[in-house]
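> any chance you could fold what I've pasted below:
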Amino acid sequence: MPKINGNEIKPGTIIEHDGGLWASVKVNHVKPGKGGAFAQVELKNLRDGRKLNERFRSEDKVEKVELENKDQQFLYETDGRLVFMDAETYEQVEIDADLLGDRRPFLQDGMTATVNYFGEEPLNVSLPQKVKCKVVETEPVQKGQTATSSFKPAILDNGVRIMIPPFIGPDEDIIVHTELMEYSERA
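Residues are numbered from 1 along each chain as shown. Predicted structure coming up:
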């Protein structure tokens, strides 16, 4: 694995540190009046989700890890495990459903997601950025409410509650941004 200097760590960089795989979430480069510059890095463990704040000086060497990304099709869920299939080899892999966290309801049958592998070990699942959902329940439109950019609560077909514009009614299809978990546009 290639070694990089501590000041080359950027958000999203994956490093091997303290015997584990860590993804940098936030990076703040600091130049104090006295002493050398350093990078204050917030790390997240890719295996168990722990967070850690570390300070790396520019002369510190860390091992950068490259993950292999594979597009795989979601088949079904069984006992808290998600089953994905490789479209090329038809090989199936089971991944812990907790890896998706709050985004789990947006995973739909037959959806293609990107699975990040370290060797043979699946570490993370990335959903498509936007997903089509149906509004199941929302409040009726109130007259005069369109003058300001107000939003109203809605429940989607997957059970997720989000805020939508007042002109969207029940049984309408919308596009939801999966990272932000918010309304994007009409479908």
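
> identify each buried residue in the lowest-mean-pLDDT helix or strand in the chain, please.
Counting by mean pLDDT, DSSP states H and E, the chain has its least confident helix or strand at strand 121-126, which shows a mean of 84. Within strand 121-126, the residues scored as buried using 16 or more other Cβ atoms under 10 Å are 122-125. Any C-beta I mention is one placed from the backbone N, CA and C, and that applies to glycine too.

> now those residues as a markdown table including distance to Gly20?
Shown next, in a markdown table, are the buried residues of strand 121-126 (distance: Cβ to Cβ, whole Å):
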| residue | distance to Gly20 |
| --- | --- |
| Pro122 | 16 |
| Leu123 | 11 |
| Asn124 | 14 |
| Val125 | 19 |
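
> which pair in those residues spans the largest distance?
Using Cβ to Cβ, those span at most 8.9 Å, a distance reached by Leu123 and Val125.

> the next helix or strand after the least confident helix or strand of the chain pairs with which strands, parallel or anti?
Once the chain leaves strand 121-126, the next helix or strand it forms, by DSSP states H and E, is strand 130-138. Within its sheet, and counting by DSSP bridges, strand 130-138 is paired with strand 152-156 (antiparallel), strand 173-177 (antiparallel).

> buried residues in strand 130-138, which are they?
131, 133, 135, 138.

> and it, how far out from the chain middle?
Chain-centre distance of strand 130-138: 20 Å, with Cα atoms, centre = their mean, to the nearest Å.

> if we can go back for a sec, between Leu123 and Val125, what contacts are shared?
Residues within reach of Leu123 and of Val125 at once, by Cβ atoms under 8 Å, 6 or more residues apart in numbering, are 99, 116.
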